[in-house]
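Trainee: I would like the atomic coordinates for the input below:
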Amino acid sequence: MKIYNIQKRNITINYCCKICGTAISKDSALYGKGMCRKCYFNLLKIPSNNNMYGKKHSIYTKQKISLKRKKSKIIKCCIDCNKELKSRKTIRCQKCHSLYYSGKNHPCYKDGRSIIIYKCINCQKIISRGSLRCKSCANKGKHNPNFRTEIKGYYNYMFSDTLKSEIKCRDYFMCQYCGLDMNSSFWQCGVNLQIHHIDYNKLNCKKDNLITLCCSCHMKSNYNRDFWYAYYTYLINLNSIERAKYGKI
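Mentor: Numbers count the residues shown, from 1 in each chain. Take a look at the predicted model:
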């Protein structure tokens, strides 16, 4: 039995019992018997509809039913604090479980390794297992990955502002790697164009050894120095050939 309630465009269907007409779920109406609970149990009282009418359960089935009923009534408690447990498989509650399996009782505990305190070699700070030094000592001096053994002397007196301006003028006030102008480099990086020593020797201030770069490209040149040395020498040789063709200095 179906009752249709039409509301504007959406159609709602209410499913009802075959016998009494009370509302039932969709699953019981389409996939079940199409009856409410009362009507179904009333039909089972009639011997022709009930298959178990006049019969008795075996002893084995009776034992099964009694065990299920007993299990549902049993309330399990924690061994230590006598708190009610939700699951039947556990013995202890969450707090007692964490306290019981700490230290030597923990299954991953081995030879007192959790008790050993590891210290830094240099400053004797407490550190994690597997490391020799703390973060501050690991990045100092020779241990730092950016540490360079090359010459780090001061700049030569020849490396003046006039020389820098000449090289910038030669390179048309542009970064020779990314092509940024003087104004755009200032707005993007916050710093003007810089001059880089190609062979990383600050005392060598020849014009063939100097090139204009922006701040970001100048920072990149500190890593993988062999590649950048070869690349910038090639660029200067190429630019010098082009200038010779067009008769520019």
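Trainee: and residue 222, how many neighbours?
Mentor: Residue 222 has 12 neighbouring residues, counting by other CB atoms under 10 Å. Quick note: C-beta positions are derived from backbone N, CA and C, even for glycine.
Trainee: In the chain, mark out all the helices, start to finish.
Mentor: For the chain, the helices defined by DSSP state H cover 26-30, 37-44, 59-73, 94-100, 135-138, 161-170, 182-189, 215-220, 225-246.
Trainee: So which of the ones you listed is nearest residue 144?
Mentor: Closest approach to residue 144 among the helices of the chain (CB to CB): helix 135-138, 8.2 Å.
Trainee: Let me see the mean pLDDT of that closest one.
Mentor: Averaged across helix 135-138, pLDDT comes to 86.
Trainee: that older thread, and among the helices of the chain, the most buried is which?
Mentor: Highest mean neighbour count among these (mean count of other CB atoms under 10 Å): helix 215-220, with a mean of 16.
Trainee: what comes into contact with that helix?
Mentor: 175, 177-178, 185, 189-191, 194, 196, 228 (CB atoms under 8 Å, 6 or more residues apart in numbering).
Trainee: Could you list the low-confidence segments of this structure?
Mentor: 1-11, 70-74, 109-115, 148-154, 247-249 (pLDDT under 70).
Trainee: Domain-wise, how is it divided?
Mentor: Listed domain ranges for the chain are 2-44, 57-113, 117-147, 161-246 (source: automatic domain parsing).
Trainee: Looking at those domains, spot the one closest to residue 50.
Mentor: Set against residue 50 and scored by CB to CB, the domains of the chain come closest in domain 2-44, at 4.6 Å.
Trainee: gap between the closest one and the chain center?
Mentor: Domain 2-44 has its C-alpha centroid displaced from the chain centroid by 50 Å (CA atoms, centre = their mean, to the nearest Å).
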